[in-house]
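J.: Quick one, structure for this:
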Amino acid sequence: MKHLVILLFTAICLGACVGHGYKKDKEYSNKVRHRSNNMANAEVAAHEHIDILKATKNPFQAGIVGNAGTTYSFDLYTKLDGITFGKVWLGERKTFAINAVDVETSLRPKSTKNRTLSFKITDPNNNEAVGVKLPIQFQGEAVIQYIINDQSFYLIVNNIEELPIKIND
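T.: Sure, this is the predicted structure:
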């Protein structure tokens with residue numbers, strides 16, 4: 001009888017431990033799924049917050065000096081107030097800071113609700129791919145990071161229209 005009670009007590013304790021571990025594994029798997037859902041929501045939410053009106057790239061060559069590269073131009077329409085911009089990636093590690101300005105005034109907007117904003121990036125050909133690694137995987141030509149209430153969102157630019165080469169004398 002004593003052995004039966006010990007065996008029963010051990011089975012109950014072991015079952016409770018296994019059940020607790022199962023609960024922890026389930027919580028962890030939900031958190032992982034939740035994070036990946038957040039990333040998917042961040043990409044989907046980008047279309048709710050910002051529209052890409054136009055994205056162009058214009059290769060340039062500076063004549064005698066010999067500098068060459070590409071100027072990227074992005075026109076965006078913001079739908080919410082309180083949007084700030086972080087970085088733009090032109091590859092996995094090639095990052096640039098963004099200084100978006102209102103298209104009409106060419107000044108930084110005080111409000112971003114219902115605004116058409118624009119920014120340009122000049123990427124010389126000799127610029128090595130350096131900077132912060134892109135925190136998401138994407139297929140496209142660029143990724144624009146913007147921040148709302150300290151939460152980062154990523155707007156994927158699938159296609160950038162190439163303009164004719166510009167030669168500066």
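J.: and residue 162, what are its bridge partners?
T.: residue 57 (DSSP bridges).
J.: check contacts around it.
T.: Counting by CB atoms under 8 Å, 6 or more residues apart in numbering, residue 162 touches 56-59. From N, CA and C alone the C-beta is placed, and that goes for glycine too.
J.: what number of residues lie near residue 85?
T.: The number of residues packed near residue 85 is 21, by other CB atoms under 10 Å.
J.: Of all the residues in the strand or helix carrying it, which ones are buried?
T.: Residue 85 is part of strand 84-89 when elements are defined by DSSP states H and E. Judged by neighbour count (16 or more other CB atoms under 10 Å), strand 84-89 contains these buried residues: 85, 87-89.
J.: Narrow the contacts of residue 162 to just the buried residues.
T.: 57-59.
J.: right, and residue 74 touches residue 55 too?
T.: Yes - with contacts counted by CB atoms under 8 Å, residue 74 reaches residue 55, the gap being 5.2 Å.
J.: So which of these two has more stuff around it?
T.: More crowded of residue 74 and residue 55, by other CB under 10 Å: residue 74, with 24 against 19.
J.: in whichever helix or strand the more buried one is part of, what's buried?
T.: If you go by DSSP H and E, residue 74 is part of strand 68-78. Buried residues in strand 68-78, counting neighbours by 16+ other CB under 10 Å, are found at 68-70, 72-76, 78.
J.: ok, now stretch 153-169?
T.: 153-157, 160.
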